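[1] Need coordinates for the following:
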Amino acid sequence: MNDEKSKMVNFAKSIKEMISVSGDAYNANSMKRVNVSTETTEDIISIIEAGNADQIIALSEKYVATSGLYQRILVYFSTFLTNDVFITPKKITSKSLNQKKYLENYRKATFFADTVLDPKLNFPRITFKLLVYGAYYGILVEESETEMVLKDLPTKFCRSRFKTHQNVNVLEFDVSYFDTITDKVLRENALKEYPKEFKKAHNAYKKDVKLKWFTVSPEIGVAFYYQDQYKPFFISMIPTVADLREYRALEKSLDKQELEEILVQEIPVDKEGNFILSSDEATELHRGVVNMLKNNPYTDVITTFAKLNLLKVSDKTKSARDNLEKTERSVYTEAGVSKLLFAGDSATAVKMSITNDMALILDIEEQYVSWLTYQTNLKYAEKNKYYFEVSLLPISHYNRNEMLDIYLKAAQYGYSKILVSIAAGLKQSSFLDLIEFENEILKLHDIMIPLQSSHTSSGDDGDNGRPKKEIDEKEEKTIDNEEGM
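    This next block holds a predicted model:
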């Protein structure tokens with residue numbers, strides 16, 4: 001009996017050593033994984049639902065820095081439109097105007113709106129910050145009549161609660177911001193970088209802390225937001241982005257698992273059914289095989305005195321990958337965009353998705369239109385005589401050719417030629433200067449023959465037949481056939 005007990009002790013010891021050796025061999029060849037996210041999906045949902053603005057903005061900042069998908073969607077929307085400016089002079093009197101003054105102000109207004117304020121450069125940057133932080137705040141610093149700079153303000157110390165009659169958001173600034181600069185010299189230097197009104201407001205605040213919110217004049221204050229200035233518009237997609245990250249990590253683990261093998265060596269028995277190796281000998285045999293395979297991280301070794309069955313995990317792997325695909329789809333659904341935009345296999349679906357996305361960004365940019373119009377008329381409108389209506393044309397990087405065709409056809413019926421030039425990528429102010437230079441100075445209209453068009457061609461150039469349809473006019477089957485040619 002004692003012999004049997006001793007054998008069982010030795011057997012248990014051998015099994016323990018076998019597991020230990022296998023574990024050491026595996027760990028020696030495994031890489032440590034670093035989890036870049038400190039919050040779980042549940043933590044992220046709690047932050048969003050709690051509504052703490054600082055935590056929400058910090059979350060958005062973090063995912064812009066760490067999630068290529070989140071950042072890509074924000075960049076996609078912020079760079080969607082080309083921000084082409086169109087200025088229309090509007091007379092509000094029936095009396096005759098000083099034509100020279102009127103034309104001079106019109107030229108200055110176009111240059112100011114499409115070049116000095118530089119919408120093509122500033123609005124994509126503003127929109128990106130608006131989508132990251134929930135709002136954009138800044139001040140307009142005038143260096144000269146032809147040079148103005150937008151100075152960004154810290155979101156935490158800004159708000160906007162009111163609008164002007166021109167539908168321009170009014171900026172309010174918390175002047176206690178300057179007290180966060182503890183060095184007195186640096187604080188004075190910072191105050192000098194702001195308009196004088198800010199220093200006056202800060203001095204008033206030092207006398208009465210109730211006056212910490214300073215209402216900035218709409219002439220210099222800039223405030224843009226969409227729906228909720230304390231909550232980034234796409235923040236609700238971050239939990240699904242976090243889920244996607246987890247599922248991708250799981251898929252990577254499953255991919256590795258599919259590469260792994262288990263080498264099973266079963267101790268043989270003699271004719272009488274007795275093991276031909278002792279437990280100590282089996283341990284040494286196991287140790288030798290483990291050492292032989294220690295440089296192969298995908299192979300484990302089991303030495304056994306008993307039969308073993310290995311259960312397959314393929315069904316679980318498939319389930320995990322199905323969940324990954326569902327999570328990927330849910331990320332784009334939460335953002336309100338089509339996955340096909342970034343991994344498209346259907347031209348028609350992409351086209352329709354872009355159309356929907358354009359409606360969103362045009363809604364955001366209505367604020368920019370109001371601000372541009374206000375700033376332009378502040379300088380160049382003549383009271384009770386005329387003002388300037390500033391528009392951002394509905395032209396994106398995806399529909400420029402289509403819009404150019406629309407404006408070109410309209411021009412053929414006598415409508416604006418300026419719209420054609422803007423749709424072609426030329427600023428309105430540049431077009432006016434270019435036309436004057438070509439016609440008045442170079443006299444090109446006298447020496448150049450117009451380019452051949454459908455109106456001037458003879459029709460025998462062989463380019464006849466039915467015109468090609470646009471992609472959104474074609475059936476999906478037609479597109480597939482053309483792509484397969």
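[2] All the strands of the stretch 51-200 of the chain, in order from the start?
    Along the stretch 51-200 of the chain, counting by DSSP state E, counting those that start in this stretch, strands occupy 85-91, 135-144, 147-152, 158-163, 169-174.
[3] Would you mind telling me which of those strands is nearest K383?
    Closest to K383 of the strands of the stretch 51-200 of the chain is strand 85-91 (C-beta to C-beta; 12.9 Å). For every residue, glycine as well, the C-beta is placed using N, CA and C.
[4] other SSEs contacting the closest one?
    helix 99-111, strand 386-392, helix 418-423, helix 428-436 (3 or more C-beta pairs under 8 Å, 6 or more residues apart in numbering; DSSP states H and E).
[5] in it, what counts as buried?
    85-87, 89 (16 or more other C-beta atoms under 10 Å).
[6] List the strands paired with that strand, with their directions.
    Strand partners for strand 85-91, identified by DSSP bridges, are recorded as strand 386-392 (antiparallel).
[7] How many residues are close by the residue lying closest to P195 once chain neighbours are set aside?
    Nearest residue to P195, sequence neighbours excluded (C-beta to C-beta, 6 or more residues apart in numbering): I220, at 6.0 Å. Neighbours of I220 under the rule other C-beta atoms under 10 Å: 19.
[8] Averaged pLDDT, stretch 109-129. What do you get?
    For stretch 109-129, mean pLDDT rounds to 96.
[9] ok, and what's touching that stretch?
    For stretch 109-129, the external contacting residues (C-beta atoms under 8 Å, 6 or more residues apart in numbering) are 74-75, 77-79, 81-85, 87, 89, 136, 138, 145-148, 150, 152, 224, 361, 364-365, 368, 372, 375-376, 379-380, 388, 390, 392, 427-429, 432.
[10] Restricted to buried residues, select those in PyMOL.
    Those of the contacts of stretch 109-129 that count as buried under 16+ other C-beta under 10 Å are selected in PyMOL with:
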select buried, resi 74+77+78+79+81+82+83+84+85+87+89+136+138+148+150+224+361+364+365+368+372+375+376+379+380+388+390+392+427+428+429+432
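[11] circling back: next, format the strands of the stretch 51-200 of the chain as a markdown table and append distance to F198 and mean pLDDT.
    Formatted as a markdown table, the strands of the stretch 51-200 of the chain follow (distance: least, C-beta to C-beta, whole Å; pLDDT from 0 to 100):
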| stretch | distance to F198 | mean pLDDT |
| --- | --- | --- |
| strand 85-91 | 30 | 96 |
| strand 135-144 | 8 | 92 |
| strand 147-152 | 11 | 92 |
| strand 158-163 | 12 | 96 |
| strand 169-174 | 7 | 97 |
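[12] could those be laid out in TSV, adding distance to L97?
    Putting those into TSV (distance: least, C-beta to C-beta, whole Å) gives the following:
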stretch	distance to L97
strand 85-91	7
strand 135-144	27
strand 147-152	27
strand 158-163	31
strand 169-174	32
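[13] now for those strands, which one comes closest to L419?
    Nearest to L419, of all these, is strand 85-91, at 6.6 Å by C-beta to C-beta.
[14] so that closest one versus helix 99-111, what angle?
    150 degrees (axes from the mean of the first three to the mean of the last three C-alpha atoms, to 10 degrees).
[15] where in the stretch 201-350 of the chain is pLDDT low?
    245-265, 267, 269-273, 275, 277, 285-286, 289, 292-349 (pLDDT under 70).
[16] redo that, cut-off 90
    227, 236-350 (pLDDT under 90).
[17] Between the buried residues of strand 85-91, which sits nearest N203?
    V85 (39.0 Å).
[18] can you tell me how far the nearest residue to that closest one once chain neighbours are set aside sits from S421?
    Leaving aside its chain neighbours, V85 sits nearest to D114 (4.0 Å; criterion: C-beta to C-beta, 6+ apart). In this view, D114 and S421 are 12 Å apart by C-beta to C-beta, to the nearest Å.
[19] Please identify which of those two sits among more neighbours.
    Between D114 and S421, D114 has the larger neighbour count (other C-beta under 10 Å), namely 26 against 21.
[20] Can you give me the distance of the more buried one to A381?
    Between D114 and A381 the computed distance is 17 Å (C-beta to C-beta).
[21] which regions of the stretch 351-485 of the chain lie under the pLDDT threshold?
    Looking at the stretch 351-485 of the chain by pLDDT under 90, you get 351-357, 438-485.
[22] would you list every one of the helices in it?
    Assigned by DSSP state H, counting those that start in this stretch, the stretch 351-485 of the chain shows helices spanning 400-412, 418-423, 428-436, 444-447, 476-483.
[23] right, so of these, which gets closest to R107?
    Across the helices of the stretch 351-485 of the chain, closest to R107 is helix 428-436 (C-beta to C-beta), at 6.4 Å.
[24] And that closest one, what does it pack against?
    Helix 428-436 makes packing contacts with strand 85-91, helix 99-111, helix 418-423 when contacts are defined by 3+ C-beta pairs under 8 Å, 6+ apart.
[25] Include distance to T283 when you put those into a markdown table, please.
    Shown next, in a markdown table, are those (distance: least, C-beta to C-beta, whole Å):
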| stretch | distance to T283 |
| --- | --- |
| strand 85-91 | 82 |
| helix 99-111 | 88 |
| helix 418-423 | 81 |
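[26] so what sits against both of D114 and S421?
    Contacts common to D114 and S421, judged by C-beta under 8 Å, 6+ apart, are Q428.
[27] Give the buried residues for stretch 172-180.
    For stretch 172-180, by 16+ other C-beta under 10 Å, it's 172-175, 177-178.
[28] between those residues, which is nearest T93?
    E172 (36.5 Å).
[29] and S396, bridged to which residues?
    Going by DSSP bridges, S396 forms beta bridges with L81.
[30] Would you confirm that it contacts D84?
    No - here S396 lies out of contact with D84, judged by C-beta atoms under 8 Å, at a distance of 10.0 Å.
[31] closest one to K206 among the helices of the stretch 351-485 of the chain?
    Closest among the helices of the stretch 351-485 of the chain, using C-beta to C-beta: helix 428-436, at 45.0 Å.
[32] Any chance you could list what contacts that closest one?
    Here helix 428-436 has contacts from 85-87, 107, 110-111, 114-115, 418, 421-422, 426, using C-beta under 8 Å, 6+ apart.
[33] Please repeat the previous calculation with a cut-off of 10 Å.
    With C-beta atoms under 10 Å, 6 or more residues apart in numbering as the test, helix 428-436 has contacts from 84-88, 103, 106-116, 417-422, 424, 426-427, 444-445.
[34] Let me know how buried L362 is, in neighbour terms.
    Look at L362: counted by other C-beta under 10 Å, it has 15 neighbours.
[35] show me what contacts it?
    Residues near L362 by C-beta under 10 Å, 6+ apart: 80-81, 369, 392, 394, 396.
[36] now do K206
    Contacts of K206 (C-beta under 10 Å, 6+ apart): 175-176, 178-179, 212.
[37] Regarding it, which helix or strand does it belong to?
    helix 196-207 (DSSP states H and E).
[38] For that helix, buried residues please.
    197-199, 201-202, 205.
[39] Could you do stretch 157-166 as well?
    For stretch 157-166, by 16+ other C-beta under 10 Å, it's 157-160.
[40] my guess is S416 contacts Y407, does it?
    Yes - with contact defined as C-beta atoms under 10 Å, S416 reaches Y407; the gap is 7.5 Å.
[41] so what's in contact with those two at the same time?
    I422.
[42] Can you pick out the residue with more neighbours from these two?
    Taking neighbours as other C-beta under 10 Å, S416 and Y407 compare with Y407 leading, 22 against 13.
[43] was I right about N377 contacting E389?
    Yes - using C-beta under 10 Å, N377 makes contact with E389 at a distance of 9.0 Å.
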